[in-house]
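[1] Sharing a model prediction with you, sequence too.
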Amino acid sequence: VRADQGYIPGSVGKVLVMAGLFNELAQLHPDDVPARERLLRDTRVVAGSFAMPNSHEVPIVAPDWSRVTHRAIRADDEFSLWEWADHMVSPSSNAAGSVVWREAMLMDAFGDRYPPSPEDAAAFFRDTPRAELTERSIRVLEEPLVAAGIDPELLRIPTMFTNNAQRAVPGRSSHATPRGLVRWLAR
C-alpha cells in the first residue's frame with residue numbers, strides 16, 4: 001500500500017544508523033570480526049551534549065548486576081558502544097541514536113585512531129566546518145545503502161535524533177518510502 005509514498009522515517013531510521021556503525025566497524029577491521037566485537041564491548045562512550053534533550057528511558061544495570069532500573073539518559077552517562085547500540089534499538093532511545101551516529105562519524109574521521117580522546121572528539125566537532133560535518137554524517141549512513149544497491153534517495157535520514165546533535169551537525173530533510181525500506185531489509 002503506497003509503496004512509493006514518501007514518509008518521515010522517524011525511529012525506523014535507527015536501522016540505518018546501525019548499518020552505518022557496522023559498516024564503519026567493518027572498514028576499521030575488514031577481516032577481524034573479533035576485533036569489531038572488542039571495539040563494541042570495550043569502548044566506553046560518554047553521552048555528552050549529543051544525547052540531550054532526551055526522554056526515552058533505558059535500562060541501567062547496577063555495577064554489581066544486582067538490579068536494573070529504567071531512566072532517561074543523562075549527559076554524564078557512560079556505556080560501552082555495544083550498550084549504546086542496544087539502547088538505540090531496544091527502547092528506541094533518540095539520545096542513543098545520536099550518540100551511536102556520532103561515534104560512527106568519529107570512526108570515519110579517525111580511522112585506526114578511534115576512539116579519539118574526548119578532547120580530540122570535541123575539537124573535531126568544533127573545528128570541522130558544519131557543511132563538512134553534514135556531508136560526513138550523511139555519507140556514513142549512505143555508504144551501506146549504496147553497497148547494497150539501494151538508491152539513497154529512497155531511504156534518507158540526514159538529521160540526528162536530538163536537538164543538541166542537530167545543532168552540532170546540521171541535517172537535511174528526512175524521507176523514506178516503504179519500498180525503499182523493504183529493499184534495504186531484503187538486501
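    Arrived safely, thanks for sending.
[2] Quick one: neighbours of Arg126, just the number.
    Residues lying near Arg126 (other CB atoms under 10 Å) number 8. (Glycine included, C-beta is placed from N, CA and C.)
[3] which stretches of the chain form helices?
    Using DSSP state H, the helices found in the chain span residues 14-28, 33-42, 81-89, 94-110, 118-127, 130-147, 163-168, 178-186.
[4] and those as CSV, adding distance to Phe50?
    Below are the helices of the chain laid out as CSV (distance: least, CB to CB, whole Å):
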stretch, distance to Phe50
helix 14-28, 12
helix 33-42, 18
helix 81-89, 11
helix 94-110, 5
helix 118-127, 9
helix 130-147, 11
helix 163-168, 4
helix 178-186, 25
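[5] among those, which is nearest Gln5?
    For the helices of the chain, the distance to Gln5 is smallest for helix 178-186, at 7.1 Å, taking CB to CB.
[6] re earlier: tell me which of the helices of the chain lies nearest to Ala72.
    helix 94-110 (7.7 Å).
[7] how about the closest one: buried residues?
    Residues of helix 94-110 classed as buried by neighbour count (16 or more other CB atoms under 10 Å): 94-109.
[8] go on, stretch 22-32?
    Within stretch 22-32, the residues scored as buried using 16+ other CB under 10 Å are Asn23, Glu24, Leu25, Leu28, His29.
[9] how about the spatially closest residue to Leu145 that is not a sequence neighbour, what does it touch?
    Once flanking residues are discounted, Leu145 sits nearest to Pro152: 5.0 Å by CB to CB, 6 or more residues apart in numbering. Shown in contact with Pro152 (CB atoms under 8 Å, 6 or more residues apart in numbering): Glu142, Leu145, Val146.
[10] and what of Gly97?
    Gly97 neighbours (CB under 8 Å, 6+ apart): Ser11, Gly13, Lys14, Val17, Met88, Met160, Phe161, Thr162.
[11] mind checking how far stretch 80-97 is from the chain centre?
    Relative to its chain's centre, stretch 80-97 lies at 8 Å (CA atoms, centre = their mean, to the nearest Å).
[12] brain fart, stretch 159-169
    12 Å.
[13] Could you give the average pLDDT over that stretch?
    Mean pLDDT, stretch 159-169: 91.
[14] Could I get the buried residue list for that stretch?
    For stretch 159-169, by 16+ other CB under 10 Å, it's Thr159, Met160, Phe161, Thr162, Asn164, Ala165, Ala168, Val169.
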